[in-house]
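K.L.:
Pasting the sequence and the predicted model now:
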Amino acid sequence: MSSRLTGDETALWKAAARVLDANWTGTATAASPGLYPHQWSWDSAFISLGLARHRPARAETELLSLFRGQWADGMLPHIVFNTSLARHAFFPGPDLWCSAQQPAAPRGVQTSGLTQPPVHALVALRLHECAHDGESSRAFLARLYPLLAAQHRYLATARDLGGAGLAAICHPWESGLDNSPAWDRPLAALQLPPTAYAPGHRSRTLPTGEDYDRYVRLVALLREARYDRAYLRESHPFAVEDPLFNATYLASAHALAEVARIVGADPAPHLEAAQRVHTAMLDRLWDADTGCFRARDLRDDRLLPVITAGSFGPLLDPELPAAHVRNLVDLLLSARFAGAAGYPVPTCDIQAPAFDRGGYWRGPTWISTNWLIWYGALAHGLPVVADLLYGSTMRLVRQSGFREFFDPFDGTGRGSHDYSWSAALVLDLLAARRAPQAA
């Protein structure tokens, strides 16, 4: 902890550190013990950022624990299950995914069959940059590098469903913005069988009824196809090129090139991959009429209509043209997002008919998306935007604690309490804010 923190910031630091300590299981950090007791992929990535500031050895353990679940084809699953818990402690649990029946899945580790935004190389490099023991950190990167490279190869080979260099998501849960209104149109086109798929298994925050049945139906289709690549490319009904997913992919490709340099590997393939994603995002996801990035539905080859916080993800691209940056900043500060929200950034365009200030990923502010936009703003030299996001995030946790998500208008905390990534990212924000002034 930096000696430059104010008294209020020091109190926030200590409170966030207590959350991470309380949620530590011995090998990983539960996203939220009461509601999310397992290990989630991009949760663990964000959590490791906070642990790097608080308990660095645990940050490395966190990532290695997650990569225990990596499949032989490089797919990093979005859930690694804690098998010491009751099988029905969380739905959808291991029984829905049947990973043990998949040849590529790891033996002795139960996982989901989906992935999540690939922020992991970006996070690994950030861990190295704040490490106190450079030699030990390089050894950790050398251990992690082949796993990260395999993750990126999987995305390049199995998920480039459109053939242009972007990675496609095959389920809304892969986006990280699970129930976003962006997915309403392709989900509505999905035909359901006459019986529900998940009766009696309803989360306190996830949607109910037919909406949730559509999510589970997509999982069932993937499982029945044994997660086959040809099926994903040719037949699976949900295939979307998402700007946030691909922005994290691009940023991590740049980070992976730097990791390669550090461990003595060739950075060129990763830089080439980053350039392909950069070009394809501009060609396929930029909508000049609205001045922002939008997701593309590959099944009807149209941009999806709802603009969300994911549209700002490409700020993570260090080579994003200045005109595109200006358009995104104008939209971010407008009355459709931060300009009309007391506690930005809402996860959906406030003026969209589907906006719901309390709906899971359909309007509330999340600290994870704030952090991603903050990180991108810093990279593009946008201190006003970065300061806005830093300040609003700190106001949220001061007022409502480390909640899962927040009302964008009054800052009321919603969802789970003592949410790990909220605490972890506050630690990273505090440390990054004060680091330049540290003695």
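P.N.:
Great, that's in hand.
K.L.:
Roughly how far does I262 sit from A379?
P.N.:
The gap separating I262 from A379 is 19 Å, by C-beta to C-beta, to the nearest Å. C-beta: built from backbone N, CA, C; applies to glycine.
K.L.:
Sorry, wrong one. I was asking about T10.
P.N.:
Taken as C-beta to C-beta, the span from T10 to A379 is 28 Å.
K.L.:
Equivalent analysis for T290, please.
P.N.:
Taking C-beta to C-beta, one finds T290 at 23 Å from A379.
K.L.:
just T27 next, same as before
P.N.:
33 Å.
K.L.:
now R294
P.N.:
R294 is 22 Å from A379, by C-beta to C-beta.
K.L.:
Neighbour count for the two, which is higher?
P.N.:
Neighbour count, other C-beta atoms under 10 Å: between R294 and A379, R294 has more, with 24 against 16.
K.L.:
what's near enough to touch that one?
P.N.:
By C-beta atoms under 8 Å, 6 or more residues apart in numbering, the contact set of R294 is P243, L285, D287, L303, L304, P305, I307, S311.
K.L.:
And F46, by the same measure?
P.N.:
By C-beta under 8 Å, 6+ apart, the neighbours of F46 are V119, V123, S368, W371, W421, A424, L425.
K.L.:
Keep only those of the residues you listed that are in helices.
P.N.:
Among the contacts of F46, the members found in helices (DSSP state H) are V123, S368, W371, W421, A424, L425.
K.L.:
ok, the first one touching A45?
P.N.:
Yes - under the contact definition of C-beta atoms under 8 Å, V123 touches A45, with a separation of 4.5 Å.
K.L.:
In a strand, Q191, correct?
P.N.:
No - looking at Q191 with DSSP: H, G, I helix; E, B strand; the rest coil, it is coil, so not inside a strand.
K.L.:
ok, so what distance separates it from A22?
P.N.:
Taken as C-beta to C-beta, the span from Q191 to A22 is 44 Å.
K.L.:
What of S368?
P.N.:
From S368 to A22 the distance is 20 Å (C-beta to C-beta).
K.L.:
Next: L218.
P.N.:
Taken as C-beta to C-beta, the span from L218 to A22 is 34 Å.
K.L.:
now swap in D418 and tell me
P.N.:
The value you get for D418 to A22, if C-beta to C-beta is used, is 7 Å.
K.L.:
what does V119 give?
P.N.:
V119 is 24 Å from A22, by C-beta to C-beta.
K.L.:
Equivalent analysis for Y215, please.
P.N.:
Counting by C-beta to C-beta - Y215 and A22 are separated by 30 Å.
K.L.:
The two: who's more crowded?
P.N.:
Y215 (23 against 13).
K.L.:
Please look at the more buried one and S175 and confirm they touch.
P.N.:
No - at 11.8 Å, Y215 and S175 do not qualify as touching, with contact defined as C-beta under 8 Å.
K.L.:
any idea how far stretch 386-395 is from the chain center?
P.N.:
19 Å (C-alpha atoms, centre = their mean, to the nearest Å).
K.L.:
That should have said stretch 114-126, apologies.
P.N.:
8 Å.
K.L.:
likewise stretch 229-246?
P.N.:
With C-alpha atoms, centre = their mean, you get 17 Å for stretch 229-246.
K.L.:
What is the lowest-mean-pLDDT helix or strand in the chain packed up against?
P.N.:
Least confident helix or strand, the chain: helix 94-97 with a mean of 89, by mean pLDDT, DSSP states H and E. Under the contact criterion of 3 or more C-beta pairs under 8 Å, 6 or more residues apart in numbering; DSSP states H and E, helix 94-97 touches helix 210-224.
K.L.:
Distance from the helix it packs on to the middle of the chain?
P.N.:
For helix 210-224, the separation from the chain centroid amounts to 21 Å (computed by C-alpha atoms, centre = their mean).
K.L.:
can I have that helix written out in PDB, keeping just the CAs?
P.N.:
Only the C-alpha atoms of helix 210-224 are listed here, as PDB (Å, rounded to 0.1, in the frame of the first residue of the first chain):
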ATOM      1  CA  GLU A 210     -38.200 -18.200 -21.100                       C
ATOM      2  CA  ASP A 211     -35.100 -15.900 -21.200                       C
ATOM      3  CA  TYR A 212     -33.200 -18.200 -18.900                       C
ATOM      4  CA  ASP A 213     -34.400 -21.300 -20.900                       C
ATOM      5  CA  ARG A 214     -32.800 -19.800 -24.000                       C
ATOM      6  CA  TYR A 215     -29.400 -19.500 -22.300                       C
ATOM      7  CA  VAL A 216     -29.600 -23.100 -21.100                       C
ATOM      8  CA  ARG A 217     -30.900 -24.300 -24.500                       C
ATOM      9  CA  LEU A 218     -27.800 -22.900 -26.100                       C
ATOM     10  CA  VAL A 219     -25.600 -24.800 -23.600                       C
ATOM     11  CA  ALA A 220     -27.500 -28.000 -24.300                       C
ATOM     12  CA  LEU A 221     -27.000 -27.500 -28.100                       C
ATOM     13  CA  LEU A 222     -23.200 -27.000 -27.600                       C
ATOM     14  CA  ARG A 223     -23.000 -30.000 -25.200                       C
ATOM     15  CA  GLU A 224     -24.900 -32.300 -27.600                       C
END
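K.L.:
Right, I'll call it a day here.
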